[in-house]
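Asks: Predicted model follows, preceded by the sequence.
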Amino acid sequence: MHASDTPSAWVRRFSHLVPPEGTVLDVACGHGRHMRWFAERGHAVTGVDRDPAALQEAARWGATVAADIERNGWPFAPGRQFDAVIVTNYLWRPLLHDLLGAVAPGGALIHETFAKGNETVGKPSRPDFLLLPGELLRAYAGLRVVAYEDGFLEDPPRFVQRIAAVRDDPAQPLPRHRLG
């Protein structure tokens, strides 16, 4: 699903939530399409993926970390935070708590992946890789939700669930997050 070099429309739409020049973590970054998007906008980016060949290409845009997080766990030190955490087309439920914890105060989380129903139109089709209704809302309950969708997209046909959320910074006035 992410063979394209084009960044996700959801990520593009909500990338303004990332603080200017903020640090960005792209989880399961593949060849770095979202790393490139944020690097071209002045962000310091880090990508993590288990595929060394993909990381070689992604390294053009920032730091990379080779890690199989499904077998070896979260590769960052406890307490390490980023101004944005980006996840697309990837779900590993034991990681959701780490993703939530990696969002710095004032930072953003943008997560988009496959949802229940996708088994009727293609891959992935295993329940382990499909979000249940409202699952991202529950997983990221500690964040302020700016936008959330759970539905069907036509091209290519797929069921998705996606969220754009921010961690409030108690030291700052409440920001106005544009929706459109």
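Replies: Right, received. Where do you want to start?

Asks: hey, let's count contacts and neighbours off CA atoms from now on
Replies: Noted.

Asks: gap between Val65 and Ala58?
Replies: 10 Å (C-alpha to C-alpha, to the nearest Å).

Asks: Those two - which one has more neighbours?
Replies: Neighbours per residue, other C-alpha atoms under 10 Å: of Val65 and Ala58, the larger number sits with Ala58, 24 against 18.

Asks: Could you list the paired strands of the longest strand that the chain contains along with their orientation?
Replies: If you go by DSSP state E, the chain has its longest strand at strand 103-114. Sheet pairing for strand 103-114, assigned by DSSP bridges, gives strand 82-88 (parallel), strand 158-166 (antiparallel).

Asks: just the helices in the chain please.
Replies: Shown for the chain, the helices assigned by DSSP state H span residues 9-14, 33-39, 52-58, 69-72, 96-101, 135-139.

Asks: how about a markdown table for those helices, with distance to Leu179 added?
Replies: Below are the helices of the chain laid out as a markdown table (distance: least, C-alpha to C-alpha, whole Å):
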| stretch | distance to Leu179 |
| --- | --- |
| helix 9-14 | 8 |
| helix 33-39 | 19 |
| helix 52-58 | 29 |
| helix 69-72 | 32 |
| helix 96-101 | 22 |
| helix 135-139 | 18 |
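
Asks: mind checking which of those is nearest His177?
Replies: His177 sits nearest to helix 9-14 of all the helices of the chain, at 9.3 Å, using C-alpha to C-alpha.
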